[in-house]
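# Coordinates for the following, if possible.
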Amino acid sequence: MVKKGSFNLFSTKQLTRSNTYVLIFWFIMFRGVNLRRHVIVQTQVDRLSKIPKFLLAYTLIAMSSLVSYSCTPTSKVIQLPEKSLFRSEDYIVYRLQGNGTLADLAEKFLGARKKVWMIEEANPGADFSKGNAVVIPLKENNRGGLSAEGFQTIPILTYHRFAEDCNSPLCMPKRLFELQMRYLKENGYHVITPEELLAFLEYRHGLPKKSVMITMDDGYRSVYDIAYPILKEYGFTATLCIYTSFVGVSNIAITWEQLREMKANGFTVGSHTVSHSDLTGSQEGETELAFIARIEEEIQGSKKIIDKKLGQDTSILAYPFGYYDQRSINVARQAGYKIAMSIRRGGNPFFVNPLSLRRDQILEGDMQTFLSRLKTFNNLSLK
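This next block holds a predicted model:
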């Protein structure tokens, strides 16, 4: 109940832009209306401020009557969790107790700690301190990341090898890689797994607004020695796309035992074929039948090897050199891959073909180029 004298609906002097917003929020939050149907943006508030104030006052009275009517209690009773201020089938308003984290709330109400981003994005700029109220959305209302301004896109960052100092564009200096990962952490980026990306591409689950995936091609030992500890420090994982004939063959190659350790710590291992050969062109003197057989062995054979060595069902493929065509896509699909990636630059909205994803190679040794690859939204007015 609003304290008597705290706000006079009929006082046009008090009916400013800010308290109009508060009034509408009060009607929505505490009368039980579905929040997702009443998103109020600043432009709408601006329009409200231009309406004659006596008319706006009576409009709000009418809204109140409609809300009361539309929210007449039914036979369905929703049990309020302890410390909840409000609950519908879509949202909970919860008062923070100070003896847990937002991840604890995500686990309690959403079933998984990794869904904490849903709470964070539902409360932009909020002070998550004891005694304050937060909104906990119980449903994913925008699985494809669509809005009137455009659509979400997922960048996939691609690395190859690492060293203290580098003299090749395929090599990433340790110091710079650490700076890049620190930037992602400090600026609210979420590093996702291939499984999470696939759920987004299949329109099954949404992703945080600032989502990226990290891949590392070939299978160099420096991924284990240099990149792996840095990623663990920031709580990130990556997807390693290896070509199987390279694993364990020299002291610069990663080993199967190291891959097993990384997999046990949340990293994903995918295929980069058997020998990293071009899948789109025949080799000198190669017949058409031999060409088809080679493609099938590169794509299917590598999956069988990785499956056996790591006890998994390998579902992600990186095309060697980023080259692919319809035939290689078909072979990848038949082999059981769910995701396949090129090195064409750009991000990936939910409506792209999962077997021809784009990736950005991180080659240049400067932060500015790295930052330019972090585009997570494609502006396209749909109004």
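# In which helix or strand does Met181 reside?
Using DSSP states H and E, Met181 maps to helix 174-186.
# Rounded mean pLDDT for that helix, please.
The average pLDDT for helix 174-186 rounds to 97.
# Would you mind listing the outside residues contacting it?
Defining contact as CB atoms under 8 Å, 6 or more residues apart in numbering, one finds that helix 174-186 is touched by 159, 162-164, 189, 191, 212, 226-227, 230-231, 233-236, 362, 365-367, 370-371. C-beta here means a position set from N, CA and C on the backbone, and glycine is covered the same way.
# Now, of those residues, which are buried?
159, 162, 189, 191, 212, 226-227, 230-231, 236, 362, 370 (16 or more other CB atoms under 10 Å).
# Which members of the contacts of helix 174-186 occur in strands, if any?
159, 162-163, 191, 212 (DSSP state E).
# Nearest to Gly111 among those?
Val191 (20.9 Å; CB to CB).
# pLDDT at the closest one, what is it?
At Val191, pLDDT is 98.
# ok, now which ones touch it?
184, 211-214, 236-238 are the contacts of Val191 under CB under 8 Å, 6+ apart.
# Which single one of the ones in strands among the contacts of helix 174-186 is nearest to Arg95?
Val191 (31.5 Å).
# Please tell me how far that closest one sits from Pro320.
24 Å (CB to CB, to the nearest Å).
# Could you do Arg95 as well?
55 Å.
# Nearest residue to Tyr207 in space, please, no chain neighbours.
Actually, residue 207 is Leu. It isn't Tyr. In space, and not counting its chain neighbours, Leu207 is closest to Phe200: 4.8 Å by CB to CB, 6 or more residues apart in numbering.
# how close does that neighbour sit to Asp313?
Distance, Phe200 to Asp313, using CB to CB: 20 Å.
# Look at these two and report which has more neighbours.
Neighbours around Phe200 and Asp313, counted as other CB atoms under 10 Å, are more numerous at Phe200. The numbers are 23 against 10.
# Let's see the strand or helix carrying that one as PDB, backbone CA atoms only.
For Phe200, the host element (DSSP H and E) is helix 194-201. Written as PDB, here are the backbone C-alpha positions of helix 194-201 (Å, rounded to 0.1, in the frame of the first residue of the first chain):
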ATOM      1  CA  PRO A 194      29.800 -25.600 -28.200                       C
ATOM      2  CA  GLU A 195      26.800 -27.200 -26.500                       C
ATOM      3  CA  GLU A 196      25.500 -23.800 -25.400                       C
ATOM      4  CA  LEU A 197      26.100 -22.400 -28.800                       C
ATOM      5  CA  LEU A 198      24.300 -25.200 -30.500                       C
ATOM      6  CA  ALA A 199      21.300 -24.700 -28.200                       C
ATOM      7  CA  PHE A 200      21.200 -21.100 -29.300                       C
ATOM      8  CA  LEU A 201      21.500 -22.000 -33.000                       C
END
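# what does it contact?
With CB under 8 Å, 6+ apart, helix 194-201 has contacts from 143-145, 154, 205-207, 211, 213, 239, 268, 270, 315-316, 338-339, 348, 350, 352, 354.
# before we move on, the earlier item: out of Arg95 and Pro320, name the residue with the larger neighbour count.
It is Pro320, of Arg95 and Pro320, that has more neighbours when counted by other CB under 10 Å, with 23 against 14.
# Would you agree Leu207 is in contact with Gly145?
Yes. Using CB atoms under 8 Å, Leu207 is in contact with Gly145, at 6.9 Å.
# which stretches of the stretch 51-200 of the chain have low pLDDT?
Applying pLDDT under 70 to the stretch 51-200 of the chain flags the ranges 51-83.
# same thing but 50
By pLDDT under 50, the low-scoring segments of the stretch 51-200 of the chain are 51-80.
# Now do the helices in it.
53-70, 102-105, 116-122, 174-186, 194-201 (DSSP state H, counting those that start in this stretch).
# Can you give me the domain assignment for this structure?
17-70, 84-137, 146-379 (automatic domain parsing).
# tell me the contacts of Ile92?
Contacts of Ile92 by CB under 8 Å, 6+ apart are 81, 84, 86, 109, 135-136, 138.
# Of these, which belong to strands?
84, 86, 135-136.
# Adding neighbour count as columns, could you present these in JSON lines?
Below are the ones in strands among the contacts of Ile92 laid out as JSON lines (neighbours: other CB atoms under 10 Å):
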{"residue": "Ser84", "neighbour count": "16"}
{"residue": "Phe86", "neighbour count": "17"}
{"residue": "Val135", "neighbour count": "17"}
{"residue": "Ile136", "neighbour count": "22"}
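# for those, which one is nearest Lys304?
Nearest to Lys304 among the ones in strands among the contacts of Ile92, with distances taken as CB to CB, is Ile136, at 44.5 Å.
# Show me the contact partners of stretch 324-338.
With CB under 8 Å, 6+ apart as the criterion, stretch 324-338 contacts 194, 198, 271, 279-280, 292, 295-296, 299-300, 303, 313-317, 319, 340, 342, 353-356.
# Which of those fall in strands?
271, 316-317, 340.
# Take these and write them to JSON lines, including neighbour count and distance to Ser381.
Listed next are these as JSON lines, based on neighbours: other CB atoms under 10 Å; distance: CB to CB, whole Å:
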{"residue": "Ser271", "neighbour count": "29", "distance to Ser381": "40"}
{"residue": "Ile316", "neighbour count": "28", "distance to Ser381": "34"}
{"residue": "Leu317", "neighbour count": "29", "distance to Ser381": "35"}
{"residue": "Ala340", "neighbour count": "25", "distance to Ser381": "32"}
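# from these, which single one is nearest Ser129?
Using CB to CB, the ones in strands among the contacts of stretch 324-338 come closest to Ser129 at Ile316, 41.0 Å.
# Report the contact partners of that closest one.
Counted by CB under 8 Å, 6+ apart, Ile316 has contacts 194, 239, 241, 268, 270-271, 337-341.
# Now with 10 Å, please.
By CB atoms under 10 Å, 6 or more residues apart in numbering, Ile316 lies in contact with 193-195, 197-198, 213, 215, 239-241, 268-272, 303, 332, 337-341, 354, 357.
# buried subset of those residues?
Buried among those by 16+ other CB under 10 Å: 193-194, 197-198, 213, 215, 239-241, 268-272, 303, 332, 337-341, 354, 357.
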